[in-house]
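> Let's see this in three dimensions:
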Amino acid sequence: MTSRAALFAGLLASAVATASCGESVNRVPATPAGPSSLSDLFLPRLNGLWGGDLTLIEVAGGTGAARNAGALECDGAAFDDVIGETNYNSLAITQSSTDLTAKLVSERTGQACTYKGTIGSGTNLVMHAEVCTPKILTIRCHPHPETGVEEVRVLDLVGSSLTASFNDPINVTQITGTAAHTYNIKSEDGDVGSLVARHSFANFTRR
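Model (predicted):
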């Protein structure tokens, strides 16, 4: 009997020791990896690569004869000639909570603008460009009707903004909006003007 009692006591001690080395049955389970907060689960999912056509819809500023007569009317006319023209653009968006960074690249011109902004209330976003390349564009205008001289204008892209809305508060499949580029303009004789070109997009989808 003494040997059996000793054996039982040894087995019991071994079991207790094993349990003490393992996980406690009362230990709180570890929190699984996931979003930093519950609210992030309900944010629109904009991260990724988007693409579609941008259409030039409007040119505004003091450079067109129909808007303001002056020495810089030729570049306004040059833009007017291509109103309605479309070209494919890609839009790469990186999202951190409600903060956004994005890069818009034109397939035709190679112009690229890097934006920062935020998701607004509802289903909209606003972003402003920190840098665009190439920054300088050169336009050769039609020969002057009186002198016959072909005039040259230098356009310095000084800013761009992107305003848009999306079609679902969480599972976004389409982005619609406007990109506006602001240029300072200089002619060969030093005259300075400004111009804003607005482009619309209605069907940016994921690529």
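
> For the nearest residue to Q174 once chain neighbours are set aside, which residues are in contact?
Nearest residue to Q174, sequence neighbours excluded (CB to CB, 6 or more residues apart in numbering): N167, at 4.6 Å. Every residue, glycine included, has its C-beta placed from N, CA and C. In this structure, N167 makes contact with 123, 173-176, judged by CB atoms under 8 Å, 6 or more residues apart in numbering.

> who wins for neighbours among the residues you listed?
I175 (24 neighbours; other CB atoms under 10 Å).

> Who are the contact partners of it?
Counting by CB under 8 Å, 6+ apart, I175 has contacts 46, 50, 91, 164-167, 201, 204-205.

> Of the residues you listed, just the buried ones, PyMOL syntax please.
Those of the contacts of I175 that count as buried under 16 or more other CB atoms under 10 Å are selected in PyMOL with:
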select buried, resi 46+50+91+164+166+201+204
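
> From the contacts of I175, which land in strands?
If you go by DSSP state E, these have 50, 91, 164-166, 201, 204-205 in strands.

> Same list, those, but as JSON lines with pLDDT and distance to T101 please.
Output for these, formatted as JSON lines (pLDDT from 0 to 100; distance: CB to CB, whole Å):
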{"residue": "W50", "pLDDT": "98", "distance to T101": "14"}
{"residue": "L91", "pLDDT": "97", "distance to T101": "11"}
{"residue": "A164", "pLDDT": "97", "distance to T101": "14"}
{"residue": "S165", "pLDDT": "96", "distance to T101": "19"}
{"residue": "F166", "pLDDT": "96", "distance to T101": "16"}
{"residue": "F201", "pLDDT": "96", "distance to T101": "18"}
{"residue": "F204", "pLDDT": "97", "distance to T101": "16"}
{"residue": "T205", "pLDDT": "97", "distance to T101": "20"}
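
> now those residues in a markdown table, with distance to L100?
Converted to a markdown table, the ones in strands among the contacts of I175 look like this (distance: CB to CB, whole Å):
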| residue | distance to L100 |
| --- | --- |
| W50 | 12 |
| L91 | 11 |
| A164 | 10 |
| S165 | 14 |
| F166 | 12 |
| F201 | 16 |
| F204 | 14 |
| T205 | 18 |
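
> With that, I have no additional questions.
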